[in-house]
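# sequence first, then the predicted structure, then my questions.
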Amino acid sequence: MHFVKESVIRASAKTVFAFHEAPDAFERLQPPWQTTEIVQPPTSLAVGTRVILKIKVGPLWQTIVAEHVAYEPGKMFADRIAKGPFKKWLHKHIITPRGENECLLTDDIEYELPLGAVGRTFGGWFARRNLERLFEFRHGVTRKACEAR
């Protein structure tokens, strides 16, 4: 499955990338409606850096271990889920300059739900709706933080 969210941010690509590199960025990008415990926050965006989260899904807690697998300073970084609810998850964060004070922020996610066709049939719409809501929030936070500079 594939999900893409793109937003034009009226700030330089350098500013937007610096926002994502800030020590508090990951915490700021967590939506208020999702109960999340950041067990091990990221220390950088460098390849090999791990993040460990616990997310409440209904009455249950789900542990997620994500690892950064690609890093091009100023341009992109990517992470994959090493442990979590998805069978596959590769998330590319791409920042493309569009002039001196504008860029395109792209979140490109290749994912696969567990249980194959059953997971896609019964969980596909739910996963997509949650991704749309999550990345609408994250792009809004990024826009507000970066355009205010």
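Here it is on my side, so go on.
# so where's the longest strand in this structure?
In the chain, with assignment by DSSP state E, the single longest strand is strand 60-72.
# in that one, what's buried?
With burial defined by 16 or more other C-beta atoms under 10 Å, the residues of strand 60-72 counted as buried are Ile64, Ala66, Glu67, His68, Val69, Tyr71. C-beta coordinates here come from the backbone N, C-alpha and C atoms, glycine included.
# how about stretch 1-18?
Phe3, Lys5, Ser7, Ile9, Ala11, Ser12, Ala13, Thr15, Val16, Phe17.
# picking up where we left off before, out of the buried residues of strand 60-72, which is nearest to Pro42?
Closest approach to Pro42 among the buried residues of strand 60-72 (C-beta to C-beta): His68, at 7.3 Å.
# for the closest one, report the pLDDT, please.
Residue-level confidence at His68 comes out at 98, pLDDT.
# isn't it right up against Met76?
No: if you go by C-beta atoms under 8 Å, His68 and Met76 don't touch, sitting 11.0 Å apart.
# from Glu6, how far out is the residue lying closest to Leu53 once chain neighbours are set aside?
Of all residues not flanking Leu53 in the chain, Ile64 sits nearest, at 4.6 Å (C-beta to C-beta, 6 or more residues apart in numbering). Relative to Glu6, Ile64 is positioned 24 Å away (C-beta to C-beta, to the nearest Å).
# thinking again about what came up before, can you put the buried residues of stretch 1-18 in JSON lines and add pLDDT?
Listed next are the buried residues of stretch 1-18 as JSON lines, based on pLDDT from 0 to 100:
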{"residue": "Phe3", "pLDDT": "96"}
{"residue": "Lys5", "pLDDT": "98"}
{"residue": "Ser7", "pLDDT": "98"}
{"residue": "Ile9", "pLDDT": "98"}
{"residue": "Ala11", "pLDDT": "98"}
{"residue": "Ser12", "pLDDT": "98"}
{"residue": "Ala13", "pLDDT": "98"}
{"residue": "Thr15", "pLDDT": "98"}
{"residue": "Val16", "pLDDT": "98"}
{"residue": "Phe17", "pLDDT": "98"}
